[in-house]
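>>> give me a 3D structure for the following:
(2 chains)
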Number of protein chains: 2
Amino acid sequence: MTFRLGIDMGGTSVKMGLVSPSHKIVKETSVESGAGTSVATLVEKIGAQARLMLGTKKVSHIGVGVAGDIDFEKGVIRVSPNLGWRNVPLRKLLEKEFKRSVLVDNDANVAAWGVYKTQVSAKHKHVIVLTLGTGVGGGVIVDGHIHRGATGSAGEVGHMIVEENGRLCHCGNKGCLEAYVGGPYLMRHVKDALTNGVDSRLCQQTEVTPKDIAAAAHAGDVFAQTVWRDVGQKLGLACGNLIYIFNPSFIYLCGGIAQANELILNPIRSHLKTRAFRTPMEYAHVKVAQNSSHIGLVGASLL
Amino acid sequence: MTFRLGIDMGGTSVKMGLVSPSHKIVKETSVESGAGTSVATLVEKIGAQARLMLGTKKVSHIGVGVAGDIDFEKGVIRVSPNLGWRNVPLRKLLEKEFKRSVLVDNDANVAAWGVYKTQVSAKHKHVIVLTLGTGVGGGVIVDGHIHRGATGSAGEVGHMIVEENGRLCHCGNKGCLEAYVGGPYLMRHVKDALTNGVDSRLCQQTEVTPKDIAAAAHAGDVFAQTVWRDVGQKLGLACGNLIYIFNPSFIYLCGGIAQANELILNPIRSHLKTRAFRTPMEYAHVKVAQNSSHIGLVGASLL
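Reported below is the predicted structural model:
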């Protein structure tokens, strides 16, 4: 059996997974990547921890997903705000550490590739994957390949402006999709509303998570339902625009926020029903991806 | 010398051009396509007129661009509101008329292909072309090919919503790019303002065209300048979103409205300077296409 190694580098930890030929994670480990860790130290720690996990097992491929602006061809991280890195030749460093070839790509591309290769029939060639977590990203599959664009920056759907002069986004622009749909924005909006005395069962809790908001919505809490409806409406507008532009077979949602499932799928689908040109809208299915929490590891291993 | 035949089917006329190997239109003719003309009659008229134009000249390719929702694979016009057609197997009909193979595509795809094949260096693989005329359309070149999408409907950028609950578009939705940038909307906005007594030298004219508004703007007319700035800002927002999604090398503008040139290019470029991620924004050049009025014929002949 040929296994593959997938690595998912985030701002707080680097996850590693041993992936089976049937795309299951058979072993998993991680190392901390917290602020102050130097690149060299982190690469060494990744190598040591991976060897420990692999033991005598051989892997056929090693792939890495990193949040940030990545030059896929060169395997260079141009900028990763989460890791605090700039111009890091990660592929070279990891190839030296592992003494073999490694591929490095943007985390949203990796997730998209994971969904595409494991959950979509090969007859579908055009698929969009939106990653809805702390940040909002996207991976675009055109003609069966990840579309990376001229500088490897394609698929940056989180910073599509969906409302001119709208909510301030951490990127500095106003009205980005992420400023309505990204986890921290969503939670800040909810906390502000709760502080201002909105009528909701969530007032009784000291800490509120997206999962709590989903549970409250399912239990009939009107405020919580409105929160998800608003998120779904902004996503619906973005999905409608993406469908007009790409005419995909599927849009998959993954990441923590996507776990709200039909609470956001319903308003997305309602919005798409209002859009005028029916052929592309009816053809495109919007779904929540399976195995969302591991799709980055699986996708990286499949690069 | 091998010539090609390009055909551009619009709601009032069908233009035909004999295109040289160096992409020049060496002969041109047209037939009327006004309301009430049956499909069979129009196809016959096109055949007769084309034969008249060609004389003894042979052509190596025949391509057709049609405004509407086209099934490129089958050469079927699903809907063309301008021609009032539904489910017309145009390719088959024209192949019977010309006794040879013919390709039929959407007019914006055809224009995009014309720009891409005649104005862009072959090393650039990702290019977007926006057609700014009565309608607003788009053609997307990914990896050197027209991206048609799952049902041939891709590139429908005119109906991207750029303002939620914004201006009513003729498609029935609100806030579409076309409702701010399309010729008839632009002209209606100007006429309304003039009727309402806005201070502008355009008040002295009985009929106002986009060319007049451009001339007034160049002559320092503040109202006319504002009109183009507003058009450019909406286009800037749309171009910024497209750059984040596609990461192209170029966005070309063609069609009548694009002839306002720097009056819209300046606000577009100003907007792009405000967008946060610099790599894709600085890489993508926004330009006005050359030979805009003939690019549909040239592109069709190159299908």
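
>>> secondary structure class for the closest residue to chain B within the stretch 1-150 of chain A?
Nearest residue of the stretch 1-150 of chain A to chain B: A:G149, at 2.4 Å (C-beta to the nearest C-beta). The way it works is simple: take the backbone N, C-alpha and C, and place the C-beta from them, glycine included. Under the three-state scheme (DSSP: H, G, I helix; E, B strand; the rest coil), A:G149 adopts coil.

>>> one more: the one 3 residues further on?
Following three-state DSSP, the label given to A:G152 is coil.

>>> and if you look at A:T131?
strand.

>>> and for A:G34?
Going by three-state DSSP: A:G34 is coil.

>>> surely it is in contact with A:G10?
No: using C-beta atoms under 8 Å as the test, A:G34 is too far from A:G10 to be in contact (10.5 Å).

>>> looking only at neighbour counts, state which of these two leads.
Using other C-beta atoms under 10 Å in any protein chain shown as the criterion, A:G34 and A:G10 rank with A:G10 on top: 19 against 12.

>>> can you map out the helices along chain A?
Taking DSSP state H as the criterion, chain A contains helices spanning A:39-54, A:90-98, A:107-119, A:178-181, A:183-195, A:210-218, A:222-246, A:262-274, A:278-283, A:295-301.

>>> what's the closest of those to B:I251?
helix A:222-246 (12.8 Å; C-beta to C-beta).

>>> buried residues, the closest one. List them.
Within helix A:222-246, the residues that qualify as buried are A:223-225, A:227-246, counting by 16 or more other C-beta atoms under 10 Å in any protein chain shown.

>>> which one is the residue lying farthest from the centre of chain A nearest to, not counting chain neighbours?
Most distant residue from the mean C-alpha position of chain A: A:G197, 32.7 Å away (C-alpha atoms, centre = their mean). Spatial nearest neighbour of A:G197, chain neighbours left out: A:C203 (8.0 Å); criterion: C-beta to C-beta, 6 or more residues apart in numbering or on different chains.

>>> that neighbour and A:L194 touch, don't they?
Yes: using C-beta under 8 Å, A:C203 is in contact with A:L194, at 5.6 Å.

>>> from A:H145, how far off is the nearest residue to A:D69 once chain neighbours are set aside?
Using C-beta to C-beta, 6+ apart and skipping residues adjacent in sequence, the residue nearest A:D69 is A:R78, 4.3 Å away. Distance, A:R78 to A:H145, using C-beta to C-beta, to the nearest Å: 21 Å.

>>> between the two, tell me which one has more neighbours.
A:R78 (17 against 13).

>>> gap between the more buried one and A:N106?
For A:R78, the distance to A:N106 - C-beta to C-beta - is 10 Å.

>>> shared neighbours, those two?
Residues touching both A:R78 and A:N106 (C-beta atoms under 8 Å, 6 or more residues apart in numbering or on different chains): A:G68, A:D69, A:I70.

>>> can you pick the most crowded of those?
Top of those by neighbour count (other C-beta under 10 Å): A:I70, with 28 neighbours.

>>> residues contacting it?
By C-beta under 8 Å, 6+ apart, the contact list for A:I70 reads A:V76, A:I77, A:R78, A:V104, A:D105, A:N106, A:G152.

>>> between the residues you listed, which is closest to A:I25?
Using C-beta to C-beta, those come closest to A:I25 at A:D105, 18.7 Å.

>>> need the pLDDT of the residue most central in space within chain A.
The C-alpha lying nearest the average C-alpha coordinate of chain A belongs to A:T131 (C-alpha atoms, centre = their mean; 2.9 Å). What the model reports for A:T131 is a pLDDT of 94.

>>> isn't it up against A:E156?
No: using C-beta under 8 Å, A:T131 makes no contact with A:E156, being 11.3 Å away.

>>> what touches both of the two?
Residues touching both A:T131 and A:E156 (C-beta under 8 Å, 6+ apart): A:G137, A:G138.

>>> for the closest residue to chain B within the stretch 151-300 of chain A, what are its contacts?
Residue nearest to chain B within the stretch 151-300 of chain A (C-beta to the nearest C-beta): A:N247, separated by 2.4 Å. Contacts for A:N247 (C-beta under 8 Å, 6+ apart) come out as A:126, A:280, A:283-284, B:148-156.

>>> so for A:C203 and A:L194, which residue has more residues nearby?
Neighbours were counted for A:C203 and for A:L194 using other C-beta under 10 Å; A:L194 has more, 16 against 13.

>>> so which bits of stretch A:72-82 are buried?
Residues A:F72, A:G75, A:V76, A:I77, A:R78, A:V79, A:S80, A:N82 are the ones in stretch A:72-82 that count as buried (16+ other C-beta under 10 Å).

>>> any chance of those in JSON lines, plus pLDDT and distance to A:D212?
Conversion of the buried residues of stretch A:72-82 to JSON lines gives the following (pLDDT from 0 to 100; distance: C-beta to C-beta, whole Å):
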{"residue": "A:F72", "pLDDT": "93", "distance to A:D212": "38"}
{"residue": "A:G75", "pLDDT": "95", "distance to A:D212": "40"}
{"residue": "A:V76", "pLDDT": "95", "distance to A:D212": "40"}
{"residue": "A:I77", "pLDDT": "93", "distance to A:D212": "35"}
{"residue": "A:R78", "pLDDT": "90", "distance to A:D212": "37"}
{"residue": "A:V79", "pLDDT": "85", "distance to A:D212": "33"}
{"residue": "A:S80", "pLDDT": "85", "distance to A:D212": "30"}
{"residue": "A:N82", "pLDDT": "77", "distance to A:D212": "25"}
